[in-house]
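Colleague: Based on what follows, work out the 3D shape:
(chains A, B, C and D)
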Number of protein chains: 2
Amino acid sequence: MAKDKADLLQGTLDMLILKSLSLGELHGYGIIQRIRQLSDEMLNVEQGSLYPALYRIEQKGWVSARWDIHETGREAKFYKLTRTGRKQLETQEASWDRLVLAIAKVRQATL
Amino acid sequence: MAKDKADLLQGTLDMLILKSLSLGELHGYGIIQRIRQLSDEMLNVEQGSLYPALYRIEQKGWVSARWDIHETGREAKFYKLTRTGRKQLETQEASWDRLVLAIAKVRQATL
DNA sequence: GTATGATGCCTACCGATTCTAGGCATCAAC
DNA sequence: GTTGATGCCTAGAATCGGTAGGCATCATAC
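Modeller: Next up is the predicted model:
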């Protein structure tokens, strides 16, 4: 039963959320689905992780939220990247790249 | 003054410690130096992070420790990878690779 | 019709881990 | 003799993701 879902590392969730919103407005539940889909089912964000994260991110001004009704007729809270959020996404992606590079260096090492 | 040191993400420290020990026995302070050196100064592990981590890792049986005197004549606590620790390193490296891949997929996405 | 699962939102609490900020000792260099 | 590097450690704060719950709506299956 697919216990191959990777747990996220602390600090990666924000980036994933911002990235998925950079592709267009989305509601919370949709963010989870989009991340799962884009990662080929490798990443599974729990609701209990997502909603608090969205709250934090909104407080920081990286996303803005509004309630709306989507095509299926149901209400949902739609999140949208702000300009600041887009900047933040770039910053976080750069940090991520640096970290991946640095760790790769350590792992290459054979002394 | 090099505020370009990246903060580690939770979960990466163990792997870095195990990796640096996979190159040979080392004492705590030396682990910090080795990680810094191998990463081209990009990664800086704080003592307050390292020693508790070493303790945890030792409890799990991934490393064994012994006090000894090294070439400079000073006492230090030397850590060595156990067989289990080597296994663990492989596991963590595989998880790391999976995560990096998954995140790369999400980031490639343009919808 | 009603039970179930998916969709949609939320909160409270737990657990793990890293960092900050201290303490302490030795030794070399200035 | 003071400073900085080397060497070990701890206590406490902060962060953040997960678990486990609650609640409502809707479509589908029985």
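Colleague: who in chain A is up against chain B?
Modeller: Residues of chain A lying near chain B by C-beta under 8 Å from any C-beta of the partner chain: A:6, A:8-12, A:15-16, A:19-20, A:23-24, A:35, A:38-40, A:42-43, A:93, A:95-96, A:98-103, A:105-107, A:109-111. No exception for glycine: its C-beta is placed from N, CA and C like everyone else's.
Colleague: all strands for chain A, in order.
Modeller: A:26-27, A:63-69, A:75-81 (DSSP state E).
Colleague: Make a PyMOL selection of the buried ones in the residues of chain A next to chain B.
Modeller: With 16 or more other C-beta atoms under 10 Å in any protein chain shown as the criterion, this PyMOL line picks the buried residues out of the residues of chain A next to chain B:
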select buried, chain A and resi 6+8+9+11+12+15+16+19+20+35+38+39+42+43+96+98+99+102+103+105+106+107+109
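Colleague: From the residues of chain A next to chain B, which land in helices?
Modeller: A:12, A:15-16, A:19-20, A:35, A:38, A:93, A:95-96, A:98-103, A:105-107 (DSSP state H).
Colleague: how about the residue in chain A that DNA strand C sits nearest to, what does it touch?
Modeller: The nearest approach of chain A to DNA strand C comes at A:Gly28, 2.9 Å away (C-beta to the nearest atom of the strand). Residues in contact with A:Gly28 (C-beta atoms under 8 Å, 6 or more residues apart in numbering or on different chains) are A:47, A:50-51, A:54, A:76-77, A:79.
Colleague: let's see it at 10 Å
Modeller: A:17, A:45, A:47, A:50-51, A:53-54, A:65, A:76-79 (C-beta atoms under 10 Å, 6 or more residues apart in numbering or on different chains).
Colleague: Comparing the strands of chain A, which comes out most buried?
Modeller: Using mean count of other C-beta atoms under 10 Å in any protein chain shown, the stretch among the strands of chain A with the largest mean neighbour count is strand A:26-27, at a mean of 20.
Colleague: what are the pairing partners of that strand, and which direction each?
Modeller: Each strand paired with strand A:26-27, and its direction, by DSSP bridges: strand A:75-81 (antiparallel).
Colleague: how about the partner strand, does it reach DNA strand C?
Modeller: Yes: shown here: strand A:75-81 in contact with DNA strand C (C-beta under 7 Å from any atom of the strand) through A:76-77.
Colleague: any idea of the mean pLDDT for that strand?
Modeller: Throughout strand A:75-81, pLDDT has a mean value of 95.
Colleague: what does stretch A:10-27 give?
Modeller: Averaging pLDDT along stretch A:10-27 gives 95.
Colleague: Same question for stretch A:90-105.
Modeller: For stretch A:90-105, the mean confidence score works out to 96.
Colleague: quick one: contacts of that stretch?
Modeller: Outside of stretch A:90-105, the residues within contact range by C-beta under 10 Å, 6+ apart are A:9, A:11-12, A:14-16, A:18-19, A:22, A:62, B:4-9, B:12, B:15-16, B:19, B:35, B:37-43, B:93, B:96, B:99-100, B:103-104, B:107.
Colleague: Please consider this matter closed, and thank you.
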